[in-house]
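Visitor: Sequence and predicted model, in that order:
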Amino acid sequence: MFYRILLLILGVWACSTAVIFIKQSHLPPVLLAGLRQLVAAVVLAPLFWREQRRHRYPLRRLTATILPGIVLGIHFISWIIGARLAAAANASLIVNLVPVSMPFFLFAMFRERPTGGEWCGTAVAMVGMLLLSGADFSLDRHYFRGDLVCFGSMLFFCFYLALGRRNRDVPSLWLYVVPLYAVGGLFCTVMSLFWGNPIQAYPVRDLWLLLALGVIPTVIGHSILNVSMHRLPGQLVSIINMGQFIFAGIMAYFLFREVPSRMFYLASIMLVVGSAIALRSHRFNGNAAK
């Protein structure tokens with residue numbers, strides 16, 4: 001159990017780097033969303049074919065990745081669009097509503113109910129997020145469309161994670177995530193055609209940033225989130241995943257000299273406390289949470 005939590009924390013850190021690479025890149029946002037997934041699919045392709053030969057996995061069963069791949073693609077696209085339409089504080093708060101929404105998806109799809117400790121941990125962590133974002137949150141009607149898009153993006157992210165839990169019978173992680181990234185990448189790349197011609201000469205620096213975005217937050221981060229949804233309670237994963245803002249804040253300080261507010265530290269402490277409460281509500285043993 002301890003190592004599974006450490007692995008999840010590594011995945012949360014990896015996912016948190018996405019905002020750093022996105023801020024530095026000048027590639028069109030929808031195209032960037034697609035190419036990062038295609039890079040991940042190409043990098044992981046050898047592992048996919050190795051596992052396919054080992055398990056003799058029927059290729060027709062890969063159709064199970066079509067829906068989660070499209071859902072992930074919609075999440076990436078809508079998040080980029082919504083974040084640019086909404087105030088930063090609004091977008092940050094809305095995307096971190098995942099632990100509030102996740103129980104409804106888990107119950108509807110698996111009849112899985114969070115424990116009392118998970119509810120308590122969720123409440124503590126969410127209070128921290130409200131304190132962090134609440135001071136700057138705006139109800140300005142000019143941001144309403146962006147807020148709505150961000151809310152929809154958050155729901156798609158919940159759905160994507162829940163679908164990963166539904167597909168935990170796949171014999172290998174790579175047989176699931178590689179075709180998922182391929183589907184999501186192709187979907188986003190096709191959608192990018194509506195925003196302009198993606199076939200251009202891009203600066204080498206942007207190509208390196210694309211490679212980093214495809215490998216670190218996608219290959220490492222999202223792959224670990226998927227395996228964590230297989231092996232850990234879904235609500236616990238969603239609570240710990242909120243820790244992305246902590247890692248992003250620390251990196252932004254060292255890379256961009258963005259000094260966090262005092263509320264950042266309080267929200268970070270409350271997230272750690274909330275995660276600890278959720279963890280204590282479970283009594284895992286060596287055979288638990290498979």
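Guide: Noted; the coordinates are in hand. Model, not experiment: these values are computed from the prediction.

Visitor: drop to CA atoms for contacts and neighbour counts, all remaining ones
Guide: Noted.

Visitor: Which is the succeeding secondary structure element to the strand or helix carrying residue 210?
Guide: Per DSSP states H and E: residue 210 is located in helix 204-213. Remark: after helix 204-213, the chain's next helix or strand is helix 223-231, criterion DSSP H and E.

Visitor: Neighbours of residue 71, how many?
Guide: 25 (other CA atoms under 10 Å).

Visitor: isn't it right up against residue 161?
Guide: No - Residue 71 lies out of contact with residue 161 (CA atoms under 8 Å); the separation is 9.7 Å.

Visitor: related to what we said a few turns ago, give me the helices and strands touching the helix holding residue 210, please.
Guide: helix 18-24, helix 29-55 (3 or more CA pairs under 8 Å, 6 or more residues apart in numbering; DSSP states H and E).

Visitor: any idea how far the closest residue to residue 47 other than its chain neighbours is from residue 146?
Guide: Once flanking residues are discounted, residue 47 sits nearest to residue 174: 6.4 Å by CA to CA, 6 or more residues apart in numbering. Distance of residue 174 to residue 146, computed by CA to CA, to the nearest Å: 35 Å.

Visitor: can you give me the strands in the chain?
Guide: Counting by DSSP state E, one finds no strands in the chain.

Visitor: for it, what helix or strand is lowest in average pLDDT?
Guide: Every helix and strand in the chain was compared by mean pLDDT, DSSP states H and E; the lowest is helix 88-95, with a mean of 62.

Visitor: right, and residue 240 touches residue 10 too?
Guide: No - in this structure, residue 240 is not within contact of residue 10 by CA under 8 Å, at 10.8 Å.

Visitor: and residue 3, how many neighbours?
Guide: Neighbours of residue 3 under the rule other CA under 10 Å: 8.

Visitor: for residue 281, what are its contacts?
Guide: Applying CA atoms under 8 Å, 6 or more residues apart in numbering to residue 281 gives the contacts 115-118.

Visitor: Now render those as CSV, adding distance to residue 35.
Guide: Formatted as CSV, these follow (distance: CA to CA, whole Å):
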residue, distance to residue 35
115, 39
116, 41
117, 39
118, 36
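
Visitor: and stretch 35-48, what's its mean pLDDT?
Guide: What stretch 35-48 shows for mean pLDDT is 95.

Visitor: got it, and stretch 154-166?
Guide: In this model, stretch 154-166 carries a mean pLDDT of 88.

Visitor: Can you dump the C-alpha atoms of it in CSV for me?
Guide: In CSV, the C-alpha atoms belonging to stretch 154-166 read as follows (Å, rounded to 0.1, in the frame of the first residue of the first chain):
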residue,chain,number,x,y,z
MET,A,154,-13.7,18.6,-14.9
LEU,A,155,-16.7,16.2,-15.4
PHE,A,156,-15.0,14.7,-18.5
PHE,A,157,-11.8,14.2,-16.4
CYS,A,158,-13.8,12.4,-13.7
PHE,A,159,-15.5,10.2,-16.3
TYR,A,160,-12.1,9.4,-17.9
LEU,A,161,-10.7,8.3,-14.5
ALA,A,162,-13.8,6.2,-13.8
LEU,A,163,-13.5,4.5,-17.2
GLY,A,164,-10.0,3.6,-16.3
ARG,A,165,-11.3,1.8,-13.2
ARG,A,166,-13.9,0.0,-15.3
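
Visitor: List of residues touching that stretch?
Guide: By CA under 8 Å, 6+ apart, the list of residues contacting stretch 154-166 reads 68, 71-72, 74-75, 79, 94-98, 101-102, 105-106, 109, 225-226, 229-230, 234.

Visitor: which residues in the stretch 101-250 of the chain form helices?
Guide: 116-134, 144-166, 173-192, 204-213, 223-231, 234-241, 244-256 (DSSP state H, counting those that start in this stretch).
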